[in-house]
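*Asks:* Turn this into a model:
(one chain, ligands or ions: 2)
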Amino acid sequence: MDTKKLIVITGPAGSGKTSLRDYVIDKYHAAKVITHTTRAPRDGEQNGIDYYFENNESFNQLHLLEHVEYSHAKYGSSMEGINEAWAKNDLAIIVLDTLGAATYKEKLGDQAIVWFVQVNDPVILRERMIKRGDDIERVNQRICSNEYKRDIEIPDNLKNVATIIENNDWQKAQNQVDELIKTI
Ligand SMILES: Nc1ncnc2c1ncn2[C@@H]1O[C@H](COP(=O)(O)OP(=O)(O)OP(=O)(O)O)[C@@H](O)[C@H]1O
Ligand SMILES: Nc1nc2c(ncn2[C@@H]2O[C@H](COP(=O)(O)O)[C@@H](O)[C@H]2O)c(=O)[nH]1
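*Replies:* Ligands and ions are numbered 1, 2, ... in the order given. Below you'll find the model as predicted:
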């Protein structure tokens with residue numbers, strides 16, 4: 001059995017995927033897989049830490065395992081990125097949209113452990129994004145995007161694959177993650 005595992009965190013924008021990823025990194029020392037995007041950095045985001053920020057030209061030159069468009073920006077991840085993370089720790093972690101999560105499950109099989117983060121009221125998602133400091137126009141544009149609408153609920157192809165993490169309450173979500181980590 002392969003000892004290297006990849007936790008794939010997916011779910012709606014604002015649900016808390018990145019917060020839970022950082023929790024797993026801080027507490028369990030999982031290695032972060034940094035992905036690439038053409039979207040502009042948010043306040044406080046740093047190149048090479050939060051994302052590799054690309055322009056269209058540099059993005060098109062990357063050798064990616066998968067790539068998607070999400071609310072008018074491009075996102076993509078590479079096998080090199082996964083291997084770099086696995087070189088640091090047998091447990092790696094990546095945040096992806098639901099299309100990417102399905103692709104990883106297909107390509108990595110049991111090595112990919114998929115978690116779908118959700119909240120019980122979508123109104124909370126917008127509030128969290130605004131509170132995070134996101135530009136309101138960009139939040140509104142995102143909410144209108146097909147990708148945002150698609151990822152609000154777990155898609156059929158992930159229903160038998162992903163474990164749902166309820167993130168209405170931060171402490172409860174952390175407790176659920178602690179239990180899940182024990183099963184890996
Ligand atoms: N349980 C929670 N209760 C209240 N606020 C939360 C909770 N979990 C996360 N947050 C906050 O909500 C905001 C969005 O969280 P986060 O950035 O982790 O979401 P995300 O799913 O990664 O979003 P995106 O896909 O838009 O990048 C952050 O400001 C975070 O601190
Ligand atoms: N399929 C992929 N999805 C990715 C990748 N990197 C990030 N994401 C997902 O995109 C949306 C938007 O991200 P945001 O940081 O702008 O809020 C979100 O669902 C991310 O999980 C990737 O390389 N491939």
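
*Asks:* Would you mind naming what in this structure lies close to ligand 2?
*Replies:* 13, 17, 35, 37, 39, 66, 68, 70, 75-77, 95-97, 99-100 (CB under 6 Å from any ligand atom). C-beta: built from backbone N, CA, C; applies to glycine.

*Asks:* State the pair within the residues you listed that is farthest apart.
*Replies:* Ala13 and Glu66 (18.5 Å; CB to CB).

*Asks:* any weak-confidence spans in this protein?
*Replies:* The chain contains residues with pLDDT under 70 at 1.

*Asks:* and it, which of its residues are near ligand 1?
*Replies:* Counting by CB under 6 Å from any ligand atom, the chain sits next to ligand 1 at 13-19, 128-129, 131-132, 167, 169-170, 173.

*Asks:* Show me the two of those residues that sit farthest apart.
*Replies:* Farthest apart among the residues of the chain next to ligand 1 - using CB to CB - are Ala13 and Asp169, which lie 19.3 Å from each other.

*Asks:* Could you pull up phi and psi at Gly44?
*Replies:* phi 90, psi -20 (degrees, to the nearest 10).

*Asks:* so who does the residue lying closest to it once chain neighbours are set aside touch?
*Replies:* Nearest residue to Gly44, sequence neighbours excluded (CB to CB, 6 or more residues apart in numbering): Gly133, at 7.8 Å. Going by CB atoms under 8 Å, 6 or more residues apart in numbering, Gly133 touches 42-44.

*Asks:* ok so Gly133 is a strand residue?
*Replies:* No. Read with DSSP: H, G, I helix; E, B strand; the rest coil, Gly133 is coil and lies in no strand.

*Asks:* Buried ones in whichever strand or helix holds Ala173, by neighbour count?
*Replies:* In this assignment (DSSP states H and E), Ala173 forms part of helix 170-182. Residues 173-174, 176-177 are the ones in helix 170-182 that count as buried (16 or more other CB atoms under 10 Å).
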